[in-house]
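> the sequence and its predicted three-dimensional model are supplied below.
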Amino acid sequence: MTGSVGARADKIAWVARASGRSTPGFWRRFRWPRLAPAALLLVMGAIGPSIVRYNPVRIAGPGSIAPGAEFWMGTDPTGLDVYSQLVAATRLNLAIATLVALLSTASGIVLGLLIGMNESRTGPIGLAARGIARFVDFAQAVPAIVVGLVLVSFFGASATTLVVAIAAILAPIQTRIVRVEVLRVRSEAFLDAARMAGTGEFALALQHVLPNAARPAVANIAFIFGVSIILTAALGFLGAGLPPPTPEWGSMIARGATDAAVGRWWSASFPFLALIFSVVAMSLAFTAWRRAAR
Amino acid sequence: MVESALQGLQTHSIVKRFGHGRHSHVAVRNVTFCLVPGARVGIVGESGSGKSTLGRLLVGLDTLSEGRITFDGQDLGDILRSRARRLDYRRAVQLVAQDTSSSFDPLRRLRHAVRVPAQQLAGLDQAAADARVDEVLAALGVPEHLADRYPYEVSGGQRQRFALARALVVRPRFLVCDEVVSALDVSVQGQVLNLLKHSCIDTGAALAFISHGLPATAFVASELAVMVRGEIIERGSTADILARSTQAYTRHLLDAHRVSRHGRTHAMQPPAAALVQPVLAPQGFGARAAHLLRRQRWWLARLAALPGQLLVFALLAFALVRMIPGDPVRTITGGQATPDKYAAVQHSLGLDGTLPEQLGRYLGRLVHLDLGTSLLTGRTLTSEFAQRLPATLELATMGLAASLLVTFIASAIAVMRPRSLASVAIRSYAGAAGAIPDFAIGVLGIFLFYATLHWVPAPLGRLALSIQAPPRVTGLPFVDALLSGDQAAIVSMAQHLVLPVLVMIVAHSAVVLQQLIAGLDEELDKPATLFRISTGAPVSTVLLSVYRRALPATVTMAGTVFGYLVGGAIIIESLFGFEGMGQYLTDAVAGADLTAMQGFLVTIATVSLLIFLLVDLCNMLIDPRRRPGVAKDGA
């Protein structure tokens, strides 16, 4: 099993470290084949518009045609070519998910650091930090899909709104992770050592707390990426995403749903597979990175 | 107080208290102590006697509760307030702490840790600082190449030499050492102690050596101070104290060491009862009763947080509507609305009048459970939601119950037979937690089980069209069907529920499963479990106890999943044509019904917060450490 091989590699690295011998470098440890699916996605996102067979936003033929030589993945009930839509949607879905992952992680790190470093203070700053910490805790209790629906329909469905709304929904996850890590790191002895070395509190937070506390959130990016892909698609599915016929996997599945209910499998299955493939690809790539970095 | 002209570090009746009020704990009480240049003072005492806190106070890492510390006659508080003077103080007074795995930043090489004080405190440039680092390391007998390793790549003894180097690199006049050898092997202890003693003698640095080990302290220090429960009870030259201490406690410490030195086997005398009595225990019946009452009120404290949380969400929903770009009233009425119509819509959105007026009306209505009137249907949201919420909650509860059942069975298989194919499959499925699109699973389920296999009825509602809905009693559709006793309705409804519940199981079990398996694996690896297995307890007993200990985390996750399921129910409802909150929301979104969406957000937030509250209360019931107001150990 691949998992046990990975575990063994971890163990070898650990033993090598414990015995004082230097470990093979990051680049040597990196398992390049694990990047292949993610690379494929990136290529598809980059050259997508030039490998479509039909204009993805124009009716290409009769509705609900089964996959064949003319329409590789068939057509959906409205007559759009599924293959062209799928390929064209890659760029949009990847871009949204990537931006969301970066934005929510960056804001989660900043917020988590601010909360974690200030919440034990007295006075208004400490009070505000504790208040925000509590809010971040219970903000997660509200279903993301509800908040997403309301935000997107309030502010209008555009790529920007989607990115900002989903990032705002997912940022609390990262904030919580970072905050917990900051609280852990704050009690570590090396911070006192750095204070004794004359490092100021601000520099301390940036040089020692931030790098040590940000790691789990960075490692969580793949998860955030996956969730944001799913969430974007779910909003598209419920009709709150980008207006049709913009190519987007979620709205493709929504259009395919009526087909699926009468036994035509293709128009919902292919975007579903694309969804799963992109989540798995990112997860593989990140796991490879994490293993190599440890 | 008169400024002391005395050179060195001096404390004047200092007190350090942790925590507030009745939970406070005094770590250092009324200590007056001085460390003059060139002295080597050992501070001994048991764990918890306040000696480490005293050390941290001396170097200014903790703030005093009472009293003052002076350094060369100047107040330490003043010194620390000014950056320049603080750096001077750091250069003069350094701390070496006990070696723990966390005494060096794991992300930086050891050289960095030793170089930084040389640069920041001694003002050396990088090259000069590096030269100074090499010089100090050589003096301490550390091989030069170790400096370019990470902290976890060297042994504890070497690491402690680096800690010493980090302090000595700035040639401090005073050195505070806190348990510097306690974590080291005996053979390494001797080497580090020798280095420390000779470094101090060579550089003329004064030393405060804090330790619970009397022999090590006696070797390094020329004077001893004995600390008990935050107080220094005795001080004198090492020889004097060792030979003729009059204090019972000191004698006890000495005796303990003598016994071990001569290897005699008779039982060690426990210290006098008065010495080990805990400081925190409340005395007397009244105090104990008050203490107990405070402990039992935890759930009230948690409950009290709810209104504030609700208010935050209500305000957020209020603010969101006002952040909508453009004029929402015009968007709804269209360009050519009459002023009357405009005013009517504006009023129904609650957007007329000044902002404080709007807020006042909004909150006033919320208090009366009035969420406003839908622009689309003209019905009040409260009555709509009262109609629909029970159905949605019933669906989510069914999904949760089914998911939990599957989760428990699957997790048992996964941990009992970790190498089986089933376990690998279950674990990979759990790894996909959070990234399983429920709507797509639903679409595929409909394709497979309805359109292809015809196992389930069409996804067009809760009941077959030919069957009349049972009379509404509780509002929970399935419960109502059961109450009506109408067999056809019960069977039809159950048939219609199979696929939705299956979809919820597949889409949402992974989150709890992942958490539960991780918790179980961790518990199984613990010594307590291994011990239990080694005693020959049956597998079921072991598994049961492991499940019980992994429970709190799982309860939390189940609460989170219930939240997901309420969100998931919205998708399921729109997918399977069920009447409920979800359908209402999608209609509101399609019709741009602002009032409905605002009311929906507040309602779902309230439901979610109530779930969150329930989870918290359950966890507090299971695990007392999670209760608010339980004193955390400050020392």
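Thanks, I have it.

> just for chain A, where's the confidence low?
Low-confidence regions of chain A, defined by pLDDT under 70, span residues A:1-24, A:294.

> residue of it with the smallest distance to chain B?
Each residue of chain A has a distance to chain B, by Cβ to the nearest Cβ, and the smallest belongs to A:Pro143, at 2.7 Å. (C-beta placed from N, C-alpha, C; glycine too.)

> return the residues in contact with B:Thr333.
Under the criterion of Cβ atoms under 8 Å, 6 or more residues apart in numbering or on different chains, the contact partners of B:Thr333 comprise B:341-342, B:345.

> as CSV, the residues you listed with neighbour count and pLDDT would be great.
Putting these into CSV (neighbours: other Cβ atoms under 10 Å in any protein chain shown; pLDDT from 0 to 100) gives the following:
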residue, neighbour count, pLDDT
B:Lys341, 14, 82
B:Tyr342, 16, 83
B:Val345, 21, 81
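
> closest one to chain A out of these, please.
B:Val345 (16.5 Å).

> so who does the closest one touch?
Under the criterion of Cβ under 8 Å, 6+ apart, the contact list for B:Val345 reads B:329, B:332-333, B:337, B:375.

> among the residues you listed, which two are most distant?
Across the contacts of B:Val345, the longest distance by Cβ to Cβ is 13.1 Å; it joins B:Ala337 and B:Leu375.

> one step back: so what's the closest residue in space to the residue of chain A closest to chain B that isn't next to it in sequence up against?
Once its chain neighbours are removed from consideration, A:Pro143 has its nearest residue in B:Gly567; the separation is 2.7 Å (Cβ to Cβ, 6 or more residues apart in numbering or on different chains). Neighbour list for B:Gly567: A:143-146 [criterion: Cβ under 8 Å, 6+ apart].

> swap in A:Leu242?
Contact criterion Cβ under 8 Å, 6+ apart gives A:92, A:157-159, A:162, A:236, A:248, A:251 as the residues in contact with A:Leu242.

> now swap in A:Ile125 and tell me
Residues near A:Ile125 by Cβ under 8 Å, 6+ apart: A:Asn118.

> what about it, which helix or strand?
Taking DSSP states H and E as the criterion, A:Ile125 maps to helix A:123-139.

> mind checking how far that helix is from the chain centre?
A distance of 26 Å separates the centroid of the chain from that of helix A:123-139, by Cα atoms, centre = their mean, to the nearest Å.

> who in the stretch 51-200 of chain B is up against chain A?
In this structure, the stretch 51-200 of chain B approaches chain A at residues B:56, B:59, B:61, B:83, B:86-87, B:90-91, B:94-95, B:97-98, B:100, B:102-107, B:113, B:116-117, B:120-121, B:149, B:152-154, B:163, B:166-167, judged by Cβ under 8 Å from any Cβ of the partner chain.

> hang on, the earlier thing: in helices only, show me the contacts of B:Thr333.
With helices taken from DSSP state H, the overlap with the contacts of B:Thr333 comprises B:341-342, B:345.

> kindly indicate which of those residues lies nearest A:Arg58.
If you rank these by distance to A:Arg58 using Cβ to Cβ, B:Val345 comes first, at 37.9 Å.

> if we can go back for a sec, torsion angles phi and psi at the residue of chain A closest to chain B?
In this entry, A:Pro143 is assigned phi and psi values of phi -50, psi 130 (degrees, to the nearest 10).

> was I right to think it contacts B:Ile604?
Yes: with the criterion set as Cβ atoms under 8 Å, A:Pro143 and B:Ile604 qualify as a contacting pair; they are 6.5 Å apart.

> need the residues touching each of these two.
Shared contacts of A:Pro143 and B:Ile604 (Cβ under 8 Å, 6+ apart): B:Val566.
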